[in-house]
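Student: I would like to see how this sequence folds:
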Amino acid sequence: MRSLKYVWFITLKDLKRFTTDRLALFFFVLFPFFFIVMFNFLLRGTAAGDGRLELHLATQEKQGGMSYQIIDSLVTRDDAQLRPGGPKIIWLKDYEKARQDVANKKLAGFLSFPADFTQGVLTGYGAHLEVVVDAGQVNTRAALNGLAKAIASSVSMQQVATNAAIGLMVEQGLASGHPPQADDISKMFQQSYPGQAGGASQPSVIKFSTEKVGDFEPRNPSNWVIPGYLVMFVFFAATQSAETIVRERQNHTLERLLTGSVSREAILGGVFLGMVAKGLVQIIVFWTVGILVFKIDLGLSPFGVILLSVLMAITSASFALMLATLT
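Tutor: Numbering: from 1, shown residues only. Below is the predicted model of the structure:
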């Protein structure tokens, strides 16, 4: 019981000295908020809007294939001409490099045309579009699948129209005795997809519509600034407490306590509880000001965040005690 009394006495002594030390209060409480206010100002407006969606296309066909006309009609040439919310289409010239970038997580994913795309469409056997995407990129997979369906639907409609035109050409050719050649049929189908004719880009056959379902709320910089600096300055305060222990050992304060029948465990316990109490003061101030002033979001489990902060204060006190014994 006497040891617990000594522990309590040493803890109160440290807290009393802490509350009367203006420099310590400044570095423990006010100084951290200078950093928080500064970084909140610097990071204000970060991620204030939704990033523009980027869709990547590639082809395995040889130069002149139908996929070149389709990609050419879709690719974005000038970002300034994009509508708000519209996707940016990027043409990847190297298929193998694009696959390697996805494997290395440098690229979220891309849509690829197979090597026999033109042949499959012209012969009527069909062609399969390939979606290469990282397993964790769910949104990119959905966007590329939607683009693939839009291209497939457009190709099907163009194929129906072209087949009708070819039928008329065949009938007219049979009537005139000059049936159409395969090159004429292929050229007619490819002309259904406007690309760059004479250097001028034509409207794309694929249209994108964007629907606004709500306002995008910018992220609050305090949500990551305050927790980050809380960890930093709680350990900073613990190292200051370690310096206090070293100073008391040098001026023989600890020796006088030991000679006064105070056990070593009571001294260490009192010093440890004092450092934990100062860490808890920092945590209370940080989270109170963060919630009331900076409108910080504690996430789905506020209790878990607070509990983790308390455990961090205990850990920092243990770290300071270990640091003091090493010096």
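Student: helices of this protein, start to end?
Tutor: Using DSSP state H, the helices of the chain run over 2-20, 22-25, 31-42, 66-74, 95-103, 117-123, 138-176, 182-190, 222-250, 253-259, 264-292, 302-326.
Student: same list, those, but as JSON lines with distance to E130, mean neighbour count and mean pLDDT please.
Tutor: For glycine as for every other residue, the C-beta is placed from the backbone atoms N, C-alpha and C. JSON lines is the format used below for those (distance: least, C-beta to C-beta, whole Å; neighbours: other C-beta atoms under 10 Å; pLDDT from 0 to 100):
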{"stretch": "helix 2-20", "distance to E130": "65", "mean neighbour count": "15", "mean pLDDT": "78"}
{"stretch": "helix 22-25", "distance to E130": "64", "mean neighbour count": "12", "mean pLDDT": "76"}
{"stretch": "helix 31-42", "distance to E130": "44", "mean neighbour count": "15", "mean pLDDT": "76"}
{"stretch": "helix 66-74", "distance to E130": "11", "mean neighbour count": "22", "mean pLDDT": "86"}
{"stretch": "helix 95-103", "distance to E130": "9", "mean neighbour count": "15", "mean pLDDT": "92"}
{"stretch": "helix 117-123", "distance to E130": "10", "mean neighbour count": "18", "mean pLDDT": "79"}
{"stretch": "helix 138-176", "distance to E130": "9", "mean neighbour count": "14", "mean pLDDT": "71"}
{"stretch": "helix 182-190", "distance to E130": "21", "mean neighbour count": "14", "mean pLDDT": "55"}
{"stretch": "helix 222-250", "distance to E130": "38", "mean neighbour count": "18", "mean pLDDT": "72"}
{"stretch": "helix 253-259", "distance to E130": "73", "mean neighbour count": "14", "mean pLDDT": "66"}
{"stretch": "helix 264-292", "distance to E130": "48", "mean neighbour count": "19", "mean pLDDT": "83"}
{"stretch": "helix 302-326", "distance to E130": "43", "mean neighbour count": "15", "mean pLDDT": "81"}
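Student: what are the bridge partners for the closest residue to D94 other than its chain neighbours, then?
Tutor: Excluding the flanking residues, the one nearest D94 by C-beta to C-beta, 6 or more residues apart in numbering is A58, at 7.7 Å. Beta-bridge partners of A58, counted by DSSP bridges, are S112.
Student: what's the neighbour count on A58?
Tutor: Per other C-beta atoms under 10 Å, the neighbour tally for A58 reads 22.
Student: numbering from 45 from now on, please.
Tutor: I'll keep to 45 as the first residue from here, and by that count the last item is A102.
Student: looking at the helices of the chain, which is nearest to L173?
Tutor: Among the helices of the chain, helix 182-220 comes nearest to L173, with 4.5 Å by C-beta to C-beta.
Student: one step back: out of the helices of the chain, which comes closest to V176?
Tutor: So among these, helix 139-147 is nearest, using C-beta to C-beta, at 5.5 Å.
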